[in-house]
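J.: this is a predicted model, with the sequence first.
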Amino acid sequence: SMKGDYPRFLASYQHEELVEHFLLQAAEIEFIKEFRGDVNRNVVGVLLKSLLYLGYFPESLDQVPAAIRSFIATQLNLLWDHTEHDRWHSGTKDNHLSLVRQHTGWHFPTAHDKQELEQWLRSEGAREAHTEEDLLESAYASLRSLHIELPSEKELRRIVNAALNGFFHDLYSRVASRLSEPVRVKLDQLLIVAETEAFSPFEKLKSDPAEAGIDNLKKEVAKLQQLRAIGIVAGDLADIPPKALHILSRRARNERAGEMREHPPPIRYTLMACFVHIQGGEVTDAVTRMMLELIRKIDTLTERQLDRDLLHDIKRVEGKLQILFRIAEAVVEEPDGTVREVLFPRVKEETFQHLVTEFKTSGPQYRLIHQFYMRNKYVRHYRRMLPPVLENLAFRSDNRFQPVVEALSVIKRYIGTKHQYFPEEVPLEGVVPRSWEATVIEDKDGEAKINRKYYELCVLQKLERALKCKEVWVEGAAAFRNPVDDLPTDWASEEKRAAYYQALNRPLEAKSFIDPLRARLTNALTTFNRELPRNPDVHVYYPKGNIERGLFAVSRLKARAEPQSIGLIKEAINRRCGMLDLLDVFVEADRLTGFTRFFTHSGTKEVRTREQLRPLIILDLFAEGTNTGTKRVAKANHQYFYDELLYVRKTYFSVEALRNANGAVVNKILALRNPRLWGEGNACASDGKRFESWSQNLMTEWRSRYKGYGVLVYWHVQTNAVCIYSQLRSFSSSEVAAMIEGLIRHDTEMRVEKNFVDSHGQSEVAFAFCHLLGGIRLMPRLKRIKYERLYLPDKGRSADWPNLAGVLTRPIRWELIEQQYDEMMKHAIALNNRTATAEAILKRFNSYNTTHPTYKALAELGKVEKTLYLCDYLSSLELRYEVNEGLNVVERWNGANEFICYGRQGVLATNSREQQEIATLSLQLLHNCLMLINTILVEQTIEKQQLLDQLS
C-alpha cells in the first residue's frame, strides 16, 4: 500500500507478516474460548485481528484472505478454516461485533467523533501534514490511538479534505489580518505591469539567478532590495509551518500576475507574503554564492595568469628527498672534496639549476608576485562587488571568526573613500595570515600602515573559508543561516534528549558507547593479525627494508564470468515479449502503482478529472525523462496539444511529487520481488554522474576532466538495480553529504544496512555519522588502499600485533569522543530528523574547520570505524568482490540512463535548477518503471519456463 491508501488486506502475505500482524496473544485466545463452537471461535478470531490490523471490521468474511483465516484457525487448534462456508447471519454478526468491541475498547464512529476528528485535523494535524495523503495518515493514526473504527473511505476523505481546506482558510485569514495596509499596497503593486515594461515585477522576482558575475550580482542585490522593501517581517508568518510556507510559495510561483489578481484578498496576500519570504532567503543565498564564486575566481584566474606569464618554462624537480639523501651521502663520504668532483657525479648540474629556478618561483618571492597579481585583478574588476554585498548582507559569528566580521564592518565604513591606508586600527589577528603580512602591513616613515586593498583581499579569503564551514552565517539566508537553527531546538529537555538517543538506539553515557567500540577494535586487529600470514591475496611489504613504513599489497580482483542463466532468461523473454515500447512500459507501470496520483495541482482547483490528467502527466514525464522535450512529444501524438502538456507540467510537476512517485514504484518492486531469486536486497551503492547542462546558472560548473560545463547527479542504487534516491548537485559540493542525504531521505521501504561508495564518497566524518545513524555500514572501494593505516585501541600495544608492523599508527584519542559525545549525537539527531540538509550540517565538519572540537571527535570515531572496515575488507576476498560488484551496479545504471535520456544528446537544456531537478527525477522514475516491468517479466518467465532449477 502507498501513503494515504485506505487500509485493506494485501493480496498475499509472507509467513513473517502473518506472525507480525495476526498472531493471537494469550488474552485474545482466552477471550475467543468463551464462545461456543468452532465456527464462532474462528469467526471471532478473524474479526478481532481484522479490526486491530485494518482499524475497521470487514463487510464480509470473504474479504479476509484465506491465508489469514487459516493461520488464525491453526492457532485455535482447528483442523480447517471454519469461516469459509459460514453465512454469518445479521443477528449473529451484530453480537460478534458488539462483543469484540467490548473486549478491545473500540467503538463505531459517531457524528460527534467525526466532528472532533475534523476539528483536530484542522487545528493540529494539518500543521504537520499539508497534503491529502499525509493528513489521511494522521487521521488513521489518530483514530487508531482513540480506538475509534475508521469511517468509510469516501466519508473519511471528505472529512480530511474539509479539514485541509479549513486549515488553509484559517491560515489565509490570520496572515492577511497581520499585514499592514502599506505592505498590502506594495504586494498589489508587484502584480501591475508598467506601461514601459513587458512583465510585472512579480514575474521578474521569480527569475532564477544567472552565473556568477559582477553585473549578475548587482541584479540579484536589486531583487533582494525590492523584496525587503515590501516589509514582510518574521512575525507575519511566525506560526506557519515551514513545509506549508514552501507549498504556498510554490503555488504563487506557478501563477501568473493576472491569475494572482483574481484571488480574494486573504488568499492573494498570503500567497504573495509566503512567496516574498521564501524568495528573500533564496535570493540572499544566491548573492552569497555569487560572492563566494567571485572570491574563488580571483585566485584561480591569478594562478592561470601566472602559469601563462611566469611558469610555462619552469621544469619541476621530482624526488627532492631522494636528491637530499644523495647529497648527504656524498658529503659524509668525502667531506673535503669539491662540489664538481663529489656532488655532480651523483646529482646533475642541470638538476641544481632547476631546483634554484623552482625555488625562486615557489618561495617567498613567488608569493609576493602571486599576491600582487591578485591585487591587480581585484582592484580592476572584482572590488566592485564589495559595496552591494556589504551594504545588503549582514554577516554574523560568535566564535573565532568574529575578527573577520569586525574587519568587514571596518571595510564597510570606508567604502567610497580614497584612503590608500586605513586611518584607524583594524583587526589583524585571525584575519591576516603570516604569508600576507609583507604586503598588507607597510612601513611608512617608521609607522606600520595597513594597505586597504591587500587587507580587503585577506578578509574576503577568510570570509570565504568561514562561510564554507558555517562559522560565519548570513542573516535572512536559507542555506547560509545560523547553524544553531539546523539543530534540535528542544535538546535541553532531558526527556526529549533521552527519546532522541533511544530513537537511534544509542546509550546516554559516553562510556557505554566507547567500551564496545574499543573491544571491537581490539578483536578486529587480533583477528586480522592472525589471518594475514595465511592470506594469499594481501600482505604487508616494506620499501627499501624500512620496517617502520609498511604498505599493503592487495591482489587485483579477477573478472568473473557472466552466469549462463542470464542468457537463458534474456532469450526466453525475447521470445515471449519481443521489443517493448518505452512509453507502453511507463503506462503499464502507472497502472500497477498509480504514481500519477501524486501529481496534484499547485493551486486548489482541478478542472480535469484524474482520468483526463493521467495521459497528460505520463506524456510530460516521458518528455522530461527522455529529454526529448514537451514540444517534440506534443508533435509526435495527435491527441494532446502542446499548450495542454505545458500547462500540466507547469502546474502539476514538483520535486516532492516526483520523489513520492519514485518511492511508490520502488516500494512496488520491493514488494513484488521473490527473495529466493533476488536476495534480501539490504545494500545499495552510491555514486555521481555528470550531465552536461547550460551554464548561465549557479549550479553548473566547468570541469577540466570533461572539458565542458555540467552538473552532478548523485544516485543511490540498490544492488538489484533500483534507484531509491537521486539528487542534483554541483561538482564542488560534498559527495559525502550527498551520500548521507540519500541514506536518510530515500523514504522507501528498503532498509539500507550497507552502502558502497568510491573514494570520493567516504571520509572519516562519513564513517562516524554512518555509525551514529543506526549502524549503517559504509563500505568504500579505496583507491589508495596501500597507504592506509590501522589505529590502535590503546597506547603501547603495537607489539601485540607483530604481523601488522609498519601499518599500525597512533592510538585512538578516546577522551575526545567522550568529551564531544553529546555534541556528536546532537548533529546525528539533526540529520536523522531532517531539521536541515546533510550538506548544511556537514559543512561545519569539513577541511576548513579542522580545529573544531566536534570535528576532531568525529574524526576519531571515523578512524575507529574505518580501521574496523579495513580489517574486514583486507581479510575477505568475498567482501572485496561484493563492494566492487555493488559499485558496478551504479556504472550499469549510468549506462542505461544514457540509453533512456537520448534527447538533446543528454544535455539538460535549461538554466532553472528546479527544471534540472525535475528532469533528473523524471529520468529516475522512467528507469525505475523499466525495472518494475523487467522484474515482473523475469519472474514470470522463470516460472512459466521452469528455469528456476537451471539458475546458478
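T.: Ah, there it is.

J.: how many neighbours does Gly37 have?
T.: 9 (other C-beta atoms under 10 Å). All C-beta spots, glycine's among them, are computed from the backbone N, C-alpha and C.

J.: phi, psi of it?
T.: The phi/psi pair for Gly37 (degrees, to the nearest 10) reads phi 90, psi 140.

J.: how about the contacts made by it?
T.: Residues counted as contacts of Gly37 (C-beta atoms under 8 Å, 6 or more residues apart in numbering): none.

J.: ok, it to Val44 distance?
T.: Separation of Gly37 from Val44 (C-beta to C-beta, to the nearest Å) stands at 10 Å.

J.: cool, and Thr284?
T.: Going from Thr284 to Val44 by C-beta to C-beta gives 63 Å.

J.: now Arg256
T.: From Arg256 to Val44 the distance is 61 Å (C-beta to C-beta).

J.: more crowded one of the two?
T.: Using other C-beta under 10 Å, the more surrounded residue of Arg256 and Val44 is Val44, with 25 against 13.

J.: for that one, which three-state class applies?
T.: With DSSP: H, G, I helix; E, B strand; the rest coil as the basis, Val44 sits in helix.

J.: spit out the contact partners of it.
T.: 31-32, 35, 96, 99-100.

J.: swap in 6 Å and give it another go.
T.: Residues near Val44 by C-beta atoms under 6 Å, 6 or more residues apart in numbering: 32, 35, 96.

J.: what about these, which one has the most neighbours?
T.: Ile32 (22 neighbours).

J.: is it true that that residue touches Asn40?
T.: No. Taking contacts as C-beta atoms under 6 Å, Ile32 lies outside contact range of Asn40: 8.7 Å.

J.: would Leu712 count as being in a strand?
T.: Yes. Leu712 forms part of a strand when assessed by three-state DSSP.

J.: separation between it and Val883?
T.: 22 Å.

J.: so for those two, which sits in the more crowded spot?
T.: Val883 (24 against 21).

J.: which of the three states applies to that one?
T.: helix.

J.: I'd assumed Arg781 was in contact with it.
T.: Yes. The criterion here is C-beta under 6 Å, and Val883 meets it with Arg781 at 5.2 Å.

J.: where is the longest helix in this protein?
T.: helix 265-309 (DSSP state H).

J.: what about it, distance to the chain center?
T.: 21 Å (C-alpha atoms, centre = their mean, to the nearest Å).

J.: which residue ranges form the helices in the stretch 601-750 of the chain?
T.: 610-626, 630-636, 642-652, 655-672, 675-678, 735-745 (DSSP state H, counting those that start in this stretch).

J.: what's the fourth one in contact with?
T.: Right, the one you point to is helix 655-672. With contact meaning C-beta under 6 Å, 6+ apart, helix 655-672 is reached by 2, 593, 595, 598-599, 722, 724, 747-750, 917, 921, 924-925, 928-929, 932, 935.

J.: which regions of the stretch 51-200 of the chain sit below the pLDDT cut-off?
T.: 82-91 (pLDDT under 70).

J.: at 50 instead, please
T.: For the stretch 51-200 of the chain, no stretch has pLDDT under 50.

J.: before we move on, the earlier item: list buried residues within the contacts of helix 655-672.
T.: With burial judged by 16 or more other C-beta atoms under 10 Å, the buried subset of the contacts of helix 655-672 is 2, 593, 595, 598-599, 722, 724, 748, 750, 917, 921, 924-925, 928-929, 932, 935.

J.: mind checking the SS state of Glu562?
T.: For Glu562, the assignment made with three-state DSSP gives coil.

J.: and for the closest residue to Ile240 other than its chain neighbours, the neighbour number?
T.: In this structure, Ile240 finds its nearest non-sequential neighbour in Leu171, 6.4 Å apart by C-beta to C-beta, 6 or more residues apart in numbering. Residues contacting Leu171 under the criterion other C-beta under 10 Å number 22.

J.: for the stretch 351-500 of the chain, which segments count as helices?
T.: 364-380, 386-392, 402-413, 434-440, 452-468, 494-503.

J.: deepest of the ones you listed, which one?
T.: When you average the neighbours per residue for each of the helices of the stretch 351-500 of the chain (mean count of other C-beta atoms under 10 Å), helix 452-468 leads with a mean of 22.

J.: avg pLDDT for that one?
T.: Average pLDDT, helix 452-468: 93.

J.: what about that helix, distance to the chain center?
T.: Counting by C-alpha atoms, centre = their mean, helix 452-468 comes out at 30 Å from the chain centroid.

J.: how about stretch 6-24?
T.: Between the centre of stretch 6-24 and the centre of its chain there are 33 Å (C-alpha atoms, centre = their mean).

J.: likewise stretch 698-707?
T.: From the chain centre to the centre of stretch 698-707 is a distance of 21 Å (C-alpha atoms, centre = their mean).

J.: going forward, begin numbering at 767 instead of 1
T.: All right, first residue 767 from here; so that's stretch 1464-1473.

J.: which residues touch it?
T.: Stretch 1464-1473 has contacts (C-beta under 6 Å, 6+ apart) with 975, 1055, 1456, 1459, 1475, 1477, 1496-1497, 1679.

J.: list the buried ones in it?
T.: For stretch 1464-1473, a neighbour-count test (16+ other C-beta under 10 Å) marks 1464-1467, 1469 as buried.
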